[in-house]
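Participant: Sequence and predicted structure below; questions after.
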Amino acid sequence: MREPEGTSNRRFFRVLAQKSCQIARRFAVYELDDDTRMTELSPGSFRARVSDRWSIGAVPNGGYVMALGVTALERALPHPDPVTVTAHFLRPAEPGDLDVLVEVAKVGKSYSTASARLVQGGTERVRMLATFADLSRAEGPTYIRAEPPVVPPRDAPRPPRPAGPAITERFEMSLAEETMRWVNGERSGDAEIRGWIRFADGRLPDCRSLPLFADAFPPPVFNVIDVGWVPTLELTVHVRARPASEWLRAVFRTRFLFGGHLEEDGELWDEHGTLVALSRQIAVVPRRG
């Protein structure tokens, strides 16, 4: 049976475009990779430079700072993938030089664990603890009682995005309109934000970048109260699989806000419907006045 006229040509150019994109990615220098470069000063001691490209105001995003720590931990441990990463934010980081001091706690056949102290100007800014494994070898029974969040089609018209902090320029997002009405001063009363996200420069997500994605969305509590700043005390990310797509589908929710604190739970799924990460953070809601 003959193919319709032009079909083989379209297939050829589609494959050619895919191959060209793969070659371009192989030689590209992406912003996150450029901004998480590490120099090993001695075993377990690394020097990096915190970029201002991932900042909210003057403060570098916590997920980006975690990505710096994960980069150092990755170099210090034999296993390739962070399975669980926890960061306690002691003080805000600043653009400029950063020392990452890694202490290996255990190296086993299947898992390795280490802590990292992120220090600037002689002051510890973040303390991290992580366990690494090789997710390409992960196997076992499967039981899943959830589905990817409902999000708009990626090619749906996007409302104009208001000017935001520097970090917003690092991503492309397509967010569910009903979860973003706070931008226009409306409160839905449901502390949830859903949508698609990818790197603006075409970099593919990987395990090292998942803590950054887990902290890249606006706080869902914006749908409930008018608050301009929600600083994170602690953020934990559980990596469940290696991402296998350019876009990630995400949902973030808050259910409990009282006593000046809130929790934020997140899910990150790739385009194939695979859950790649779960996150939870506890954050402070500053009192006004």
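Facilitator: Looks like it arrived, so ask away.

Participant: residue ranges with poor pLDDT in the stretch 1-150 of the chain?
Facilitator: Within the stretch 1-150 of the chain, the stretches with pLDDT under 70 are 1-27.

Participant: for Thr86, what are its contacts?
Facilitator: Contacts of Thr86 were listed using Cβ atoms under 8 Å, 6 or more residues apart in numbering, and they are Met128, Leu129, Ala130, Glu234, Leu235, Thr236, Val237. Where C-beta positions appear, they are placed from N, C-alpha and C, glycine not excepted.

Participant: Would you check that the third one makes contact with Ala114?
Facilitator: Yes: counting by Cβ atoms under 8 Å, Ala130 touches Ala114, with 6.3 Å between them.

Participant: From Asn61, how far out is the residue nearest to Thr179 when sequence neighbours are not counted?
Facilitator: Closest residue to Thr179 apart from its sequence neighbours, by Cβ to Cβ, 6 or more residues apart in numbering: Ile193 at 4.6 Å. With distances taken as Cβ to Cβ, to the nearest Å, Ile193 is found 16 Å from Asn61.

Participant: ok, now Phe213?
Facilitator: With distances taken as Cβ to Cβ, Phe213 is found 11 Å from Asn61.

Participant: Looking at these two now, which is surrounded by more residues?
Facilitator: The residue with more neighbours, out of Phe213 and Asn61, is Phe213; 24 against 21, by other Cβ atoms under 10 Å.

Participant: Tell me what the closest residue to Val119 other than its chain neighbours is bridged to.
Facilitator: Closest residue to Val119 apart from its sequence neighbours, by Cβ to Cβ, 6+ apart: Asp99 at 4.6 Å. Beta-bridge pairing of Asp99 under DSSP bridges involves Arg47, Val119.

Participant: Counting neighbours, what do you get for Asp99?
Facilitator: When neighbours are defined as other Cβ under 10 Å, Asp99 has 18 of them.

Participant: How about Pro165?
Facilitator: 13.

Participant: same thing with Thr168?
Facilitator: 16.

Participant: Dihedrals phi and psi, it?
Facilitator: With angles defined as degrees, to the nearest 10, Thr168 sits at phi -70, psi -20.

Participant: So which of the contacts of Thr86 is the closest to Ser55?
Facilitator: Closest to Ser55 out of these is Leu235 (16.7 Å), distances taken as Cβ to Cβ.

Participant: That closest one: which element?
Facilitator: Using DSSP states H and E, Leu235 sits in strand 232-239.

Participant: residues near the closest residue to Leu175 other than its chain neighbours, how many?
Facilitator: With Cβ to Cβ, 6+ apart as the criterion, Leu175 has its nearest non-adjacent residue at 3.4 Å, and that residue is Gly195. Neighbour count for Gly195, taken as other Cβ under 10 Å: 22.

Participant: Show me what Gly195 is bridged to.
Facilitator: Here Gly195 sits in beta bridges with Leu175, Ala250, as judged by DSSP bridges.

Participant: what about stretch 156-171, how long is it end to end?
Facilitator: End-to-end span of stretch 156-171 (Cα to Cα, to the nearest Å): 17 Å.

Participant: which secondary structure elements does the strand holding Leu235 contact?
Facilitator: Counting contacts by 3 or more Cβ pairs under 8 Å, 6 or more residues apart in numbering; DSSP states H and E, strand 232-239 is packed against helix 62-76, strand 81-89, helix 210-213, strand 275-284.

Participant: Which residues does that strand contact?
Facilitator: In contact with strand 232-239 (Cβ under 8 Å, 6+ apart) are residues 62-63, 66, 81-89, 135, 207, 210-211, 214-215, 261, 276-284.

Participant: before we move on, which element is Asp265 in?
Facilitator: strand 261-270.

Participant: and the angle from that strand to strand 275-284?
Facilitator: Relative orientation of strand 261-270 and strand 275-284, computed by axes from the mean of the first three to the mean of the last three Cα atoms, to 10 degrees: 160 degrees.

Participant: Partner strands of strand 261-270 and their direction?
Facilitator: Strand 261-270 has these strand partners (DSSP bridges): strand 248-253 (antiparallel), strand 257-258 (antiparallel), strand 275-284 (antiparallel).

Participant: ranking these by burial, who's on top?
Facilitator: Comparing those by mean neighbour count (mean count of other Cβ atoms under 10 Å), strand 248-253 ranks first with a mean of 23.

Participant: got the CA coordinates for that one in CSV?
Facilitator: What follows is strand 248-253, C-alpha atoms only, in CSV (Å, rounded to 0.1, in the frame of the first residue of the first chain):
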residue,chain,number,x,y,z
LEU,A,248,6.4,18.3,33.6
ARG,A,249,2.9,18.3,34.8
ALA,A,250,2.6,19.7,38.4
VAL,A,251,0.1,20.3,41.2
PHE,A,252,0.8,22.0,44.6
ARG,A,253,-1.6,22.2,47.5
